[in-house]
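Undergrad: generate coordinates for the sequence data below:
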Amino acid sequence: MNKMIFERGSVGQIRIHVMPTTRFKTFAVSLYAGIPLARETVTATALTPFVLRRGTASYPETTQFREQLERLYGAGFGFDVYKRGNYQIVQFRMDTINDSFVQSEQSLLSKSFEFLGEVVTKPVTEANAFRSSYVASERENVRKKLEAIINDKMRYAVERCIEEMFRNDSYRLHPLGERSDLDQITPESLYSAYQEWLKNASLDLYVVGDTTLAEVEELVARHFQLNRTASSGYEPEQVKLSSGEPRTVTEKLDVNQGKLNLGLRTDITYGDERYAAALLYNGILGSYPHSKLFVNVREKESLAYYAASRFDGHKGMIGIQSGIEIANYKKALDIIKAQLASLEAGEISEMEMTQTKAMIRNSLLEMQDSAFEMIAYDFNRILSGKDRPVEQLLSEVEQVQPADVVEAANTVRLDTIYFLTGQKEG
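TA: Down below sits the predicted model:
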């Protein structure tokens, strides 16, 4: 297996991570900008990259912006806005072909940094504010994305369960912000918020490709002129397990299929020595076709159209999602709870252990074929403060015993039961 080895440096309060390799035909570049999730800043921060991708000082029109990417031999550019633990992360990505495969007078990596640096630090402005037409159209774009969640009842139930479970925690916030805040955002206020964001965000820039740390540091110094006095970092989550009975929330909407979601807490997070055991726990519970939720709730009992679980290792949260016939609520809930109890009691077959380890191993090995997947995995190290190379996690997963899974199971507490049901009674 090829080892993932990133070389580290920093320039102007930007942490730099470079993996020199000739394995890929392209340069993969990712810039992560993270700030704490907060009600006051979440919507403006989410809107900012949508506006930044419309135009820069050199390419003020969106058509010019796109044409420049074509001149870079069809370079890919995109961004994501998401949350990890209690942080809102904006990730910019560029994917540019290696110079050795084309004839270009100037290094394409250099031109990509020039482009990305301008996107982030030199947006098109009008009277010391963002271009008003761009703000107006992208505000509507974000509004539509938030409204799309409401229309997708599976996603809606996931978000509502999180909102209820973390009602006193900033994790309740959606990374795209609040619809109610959008109308208050002006070109002036957004530009001011953007400047604060750029000054205070924790910045990590990754490059995977045929380059060196020294070359990337020089490119960052040339193309990312930032007024930053301190480099903020990430504080890993300190999970506090709740006590008492789970809280049940029922919501009625015009739906034919019920959505039963459970929110569970564990004090095991990414930086914990028990992390591999928690991965096995979640895998056996509900991540794969052989998992207990899929086999027992969906297949054997035919109680659910879907039943799965997801582990957020940066928050110590496990979410269970299921779609059920509304009349089957109690029966489905009882059987889901029975799967949790069975793991606590150590009812784990050798097949469940073997297949789950194989699935986790395969996903970790497949990740080696994608530069951006390797970057995303390494970024966990920055977020958690835990350096766990892939080969180490593979070894830890292989060493997990059923007793370790049981120990992880006994840290899990059911916190919230959320049921989205229909408006008609009976």
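
Undergrad: could you use CA atoms for every contact and neighbour count after this?
TA: Noted.

Undergrad: so Phe27: helix, strand or coil?
TA: Using DSSP: H, G, I helix; E, B strand; the rest coil as the criterion, the local structure at Phe27 reads strand.

Undergrad: list the buried ones in whatever helix or strand Val135 lives in?
TA: Following DSSP states H and E, the helix or strand that holds Val135 is helix 132-151. Neighbour-count burial for helix 132-151, with 16 or more other Cα atoms under 10 Å as criterion, is recorded at Tyr134, Val135, Ala136, Glu138, Arg139, Val142, Arg143, Leu146.

Undergrad: residue contacts, the first one?
TA: This points to Tyr134. Val51, Arg54 (Cα atoms under 8 Å, 6 or more residues apart in numbering).

Undergrad: what's the answer for the last one, then?
TA: Residues in contact with Leu146 (Cα under 8 Å, 6+ apart) are Leu176, Glu178, Arg179.

Undergrad: dump the residue contacts of the second one.
TA: It refers to Glu178. Val42, Thr43, Leu146.

Undergrad: mind checking pLDDT for the first one?
TA: What the model reports for Val42 is a pLDDT of 98.

Undergrad: apart from its neighbours in sequence, what residue is nearest it?
TA: Gly177 (5.1 Å; Cα to Cα, 6 or more residues apart in numbering).

Undergrad: wait, a strand at the one you found?
TA: No. The assignment for Gly177 (three-state DSSP) gives coil, which keeps it out of a strand.

Undergrad: quick one, strands of the stretch 301-426 of the chain?
TA: 304-312, 317-325, 413-422 (DSSP state E, counting those that start in this stretch).

Undergrad: so what's the residue nearest the centre of the chain up against?
TA: Centroid-nearest residue in the chain, with Cα atoms, centre = their mean: Tyr82, separated by 4.9 Å. Tyr82 sits next to Gln88, Ile89, Val90, Pro175, Leu176 when contact means Cα under 8 Å, 6+ apart.

Undergrad: that one should be in a helix, yeah?
TA: No. Read with three-state DSSP, Tyr82 is strand and lies in no helix.

Undergrad: which residues of the stretch 151-300 of the chain fall in strands?
TA: 202-209, 247-253, 257-265.

Undergrad: for the second one, name the packing helices and strands.
TA: When contacts are defined as 3 or more Cα pairs under 8 Å, 6 or more residues apart in numbering; DSSP states H and E, strand 247-253 packs onto strand 413-422.

Undergrad: re earlier: nearest to Glu118, of the contacts of Leu146?
TA: Leu176 (23.3 Å; Cα to Cα).

Undergrad: ok, that closest one touching Val42?
TA: Yes. Shown here, Leu176 and Val42 form a contact pair, counting by Cα atoms under 8 Å, at 7.1 Å.

Undergrad: thinking again about what came up before, beta-bridge partners for the residue nearest to the centre of the chain, please?
TA: With DSSP bridges applied, Tyr82 shows beta-bridge pairing to Ile89.

Undergrad: reformat the strands of the stretch 301-426 of the chain as CSV; add mean neighbour count.
TA: Shown next, in CSV, are the strands of the stretch 301-426 of the chain (neighbours: other Cα atoms under 10 Å):
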stretch, mean neighbour count
strand 304-312, 21
strand 317-325, 23
strand 413-422, 22
